[in-house]
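Novice: I would like the atomic coordinates for the input below:
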Amino acid sequence: MENSIYYEVQRINKYLKWFILLFLGVVPLFSYSYLFYIFTFKHTPLFLSKETYTFFSTGVIVILVSLLIVLLFMSLKLEVFLNSEGIFFRLFPIHQQFRKIPFSDVNFFTIRKFNPITEYGGWGIRYSIRGNGVAYTLSGKFGLQIELNSARKILIGTQKPEQILSVLLTLVPSKYISNKSREK
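Specialist: Numbers count the residues shown, from 1 in each chain. Presented below is the predicted three-dimensional model:
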C-alpha cells in the first residue's frame, strides 16, 4: 500500500448501519428483556429449574450472536488500491490479506454503473446469476468491471469512478480499457 497510486475505502451506508443495529442488536435485546421480565416476575419463580436454565442460556446465546453479527457489519470495509503491479482489494474482516489482480491477467477493464440489487442481489461479496461474475461492493452504484484472460469477471465497487479511470489510463495501455469507460 505504501507505493499505491490510488487508494479508496468504502464502508456500509449509514442508514443501512442503523437498520442493522436496530434489527440485529436492539430488537433481540429488548425482546429477551421483556420475556425475562414475564418469565421471572409474572410466573412463580422457577429458579434453578431446567426450563429456567434453558431460557437464560438460550437468551445469552441469542444476544451474543446478535452482537457479533452487528460488530461484523459495523467493521466491514472494502479497501482498493492500484499500483504498477496491479489491483489490490479486500473486504475486511472477511479477507485478512489483500487479493491481487496483476495487470498481466486482465483482458480489459470497464468503469460502469450497475444496480447491486437486480444484478447481484445486494451488497458484499455477491455472485451474479446473469453472468456478470462476482462483485465486491459495499455502497454506491459504480464499479470497476474486470474481465480476466480466463473470461472470469470481477466487479469492484468504487465511489470515485473518474479517479480510478484516470489512474488506470496512466498505469495500463488504453487498449485494455473498454470504450464504455471512456464514453462516460
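
Novice: Direction included, what does the one helix or strand Glu79 maps to pair against?
Specialist: Using DSSP states H and E, Glu79 falls within strand 77-83. Partner strands and pairing direction for strand 77-83 (DSSP bridges) are strand 6-11 (antiparallel), strand 86-92 (antiparallel).

Novice: Comparing those, which yields the minimum mean pLDDT?
Specialist: Taking the mean pLDDT of each of the strands paired with strand 77-83, the lowest value is held by strand 6-11, a mean of 86.

Novice: Pull out the buried positions in it.
Specialist: Buried residues in strand 6-11, counted by 16 or more other C-beta atoms under 10 Å: Tyr6, Glu8, Gln10. (Glycine included, C-beta is placed from N, CA and C.)

Novice: Pull the contacting residues for the second one.
Specialist: Residues in contact with Glu8 (C-beta atoms under 8 Å, 6 or more residues apart in numbering) are Glu79, Val80, Phe81, Thr158, Gln159, Lys160, Gln163, Ile164.

Novice: Mind pulling up the pLDDT for the second one?
Specialist: Looking at Val80, its pLDDT is 90.

Novice: ok, what's across the strand from it?
Specialist: Beta bridges link Val80 to Glu8, Phe89 when assigned by DSSP bridges.
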